[in-house]
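> only the shape, not the letters, is given here:
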């Protein structure tokens, strides 16, 4: 039988000892009598909960003692329960370990401008460090592949090839064709004023092969493939599949990241060449239909204006973009939190980070090539 005895005579602090069995099937002493006795104590008095021969117990005891602790705290009593069993103390600590609601003290917790700037700088530095560490792990994974020590599934590679290659032809072709047509239209408006409409072929050919084809393809793959990588790996993180791979001794970088990295790096140059062709065709359509240029003359002017080095520059950029898009997408997915919202955030961050990285790297490569005179 459950029992709670209050010892008040000459006791400072007031000690309440619990004994017997406390369970759902046992009668529980009325708590109102004890609460009334606590209400009569002056503010600042002590209240101690102790073990008086406690038997078996469950949540009934925790609920009972919680009522006493709450009443003591409400009456400004000094409550302690250090003489209870460790299990009871732990559950009581958890019951009253609820943090303050975020934003309850907005004035007190408001950070200064410099503090916020410092926090952002620290977060940015940490992000750069994580990116460099992830890049190092990817390089090690490629090294293990070259030495035959990487554990991965070729079927995953071919699946990623199909997803990032043939299934992307439609959107890449459409966007590239329209970009080529837009470039030709803008160039035609200006060049026709000088009677140099034929040079629209030069404009479209050089712009597509050196810059636009690789960049637009990379942006499309960032929104299409990087987001898919982040969402897929983020879901695996939520389902603890990545942790399971590590537990089985399989390196997640080899098994998950390596096939996706190789597939996108292999497909990006091919997609870029495809985008070159469609962009030039888009420009030819505008030149032939709006400027009365002959298709053969436009073709010959394009061949004369672009060279193999222009194609190689675009292909080289596409390889760099492929590495960036695949690594950033996988990194954001692996770093995702353990919730559905975290998966969505990972996909969003992957797209944004990829686009920024593509633009920055393209600008850097272009400046270097300009300085070298290439």
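That came in fine, so what should we check first? All values derive from a computational prediction rather than experimental measurement.
> give me the distance from whichever strand or helix holds residue 353 to the chain's centre.
Per DSSP states H and E: residue 353 is located in helix 340-372. Mean-position distance between helix 340-372 and its chain equals 15 Å (C-alpha atoms, centre = their mean, to the nearest Å).
> and stretch 85-102, by the same measure?
Centre-to-centre, stretch 85-102 and its host chain are 32 Å apart (C-alpha atoms, centre = their mean).
> give me the residues contacting that stretch.
Applying C-beta atoms under 8 Å, 6 or more residues apart in numbering, the external contacts of stretch 85-102 come out as 51, 54, 57, 61, 62, 65, 66, 69, 81, 82, 84. In this view, the C-beta of every residue, glycine as well, is placed from N, C-alpha and C.
> with stretch 319-328 instead?
131, 134-135, 138, 214-215, 217-218, 221-222, 225-226, 229, 257, 260-261, 263-265, 267-269, 350, 353-354, 357-358, 361-362, 365.
> mind giving me the PyMOL command for buried ones among these?
Buried residues within the contacts of stretch 319-328, by 16 or more other C-beta atoms under 10 Å, are selected in PyMOL with:
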select buried, resi 131+134+138+214+215+217+218+221+222+225+226+229+257+260+261+263+264+265+267+268+269+350+353+354+357+358+361+362+365
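> from the contacts of stretch 319-328, which land in strands?
With DSSP state E as the criterion, strands contain none of the contacts of stretch 319-328.
> may I see the buried residues of the host helix or strand of residue 63?
Assigned by DSSP H and E, residue 63 belongs to helix 59-74. Applying a neighbour-count criterion of 16+ other C-beta under 10 Å, one finds 60, 61, 62, 64, 65, 68, 69, 71, 72 buried in helix 59-74.
> just to revisit the earlier point, please identify which pair of the contacts of stretch 85-102 lies farthest apart.
Pairwise distances across the contacts of stretch 85-102 peak at 17.3 Å for 57 and 82 (criterion: C-beta to C-beta).
> confidence score at residue 10?
Residue 10 carries a pLDDT value of 47.
> and if you look at residue 27?
Value listed for residue 27 in the pLDDT field: 80.
> do the same with residue 365
Per-residue pLDDT puts residue 365 at 92.
> distance of it from residue 183?
20 Å (C-beta to C-beta, to the nearest Å).
> okay, now the residue nearest to residue 157 when sequence neighbours are not counted: neighbour count?
Distance criterion C-beta to C-beta, 6 or more residues apart in numbering; nearest residue to residue 157, sequence neighbours excluded, is residue 259 at 4.1 Å. Using other C-beta atoms under 10 Å, residue 259 has 23 other residues around it.
> who does the top strand by length along the chain pair with, and is each partner parallel or antiparallel?
If you go by DSSP E, the chain has its longest strand at strand 46-57. Using DSSP bridges, strand 46-57 pairs in its sheet with strand 14-22 (parallel), strand 78-83 (parallel).
> closest to residue 343 out of those?
strand 78-83 (42.1 Å).
> show me what counts as buried in the next helix or strand after that closest one.
Using DSSP H and E, the helix or strand that follows strand 78-83 in sequence is helix 86-95. Buried positions in helix 86-95, judged by neighbour count with 16+ other C-beta under 10 Å: 88, 91, 92.
> closest one of these to residue 172?
Distances from residue 172 to those, taken as C-beta to C-beta, are shortest for residue 91 (59.3 Å).
> from residue 18, how far off is the closest one?
Between residue 91 and residue 18 the computed distance is 14 Å (C-beta to C-beta).
> ok, back up a step: from the contact counts, what lies against the helix holding residue 353?
Helix 340-372 is packed against helix 213-221, helix 227-238, helix 308-334, with contacts defined by 3 or more C-beta pairs under 8 Å, 6 or more residues apart in numbering; DSSP states H and E.
> what about 6 Å?
helix 227-238, helix 308-334 (3 or more C-beta pairs under 6 Å, 6 or more residues apart in numbering; DSSP states H and E).
> shaky segments in this protein?
Applying pLDDT under 70 to the chain picks out residues 1-12, 98-109.
> now do the domain split for it, please.
By the assignment in automatic domain parsing, the chain contains the domains 3-95, 131-372.
> mind putting the ones you listed into a markdown table with distance to residue 113?
Converted to a markdown table, those look like this (distance: least, C-beta to C-beta, whole Å):
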| stretch | distance to residue 113 |
| --- | --- |
| domain 3-95 | 38 |
| domain 131-372 | 25 |
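> list the contacts of residue 314.
209, 210, 213, 214, 272 (C-beta atoms under 6 Å, 6 or more residues apart in numbering).
> no more questions from me, cheers.
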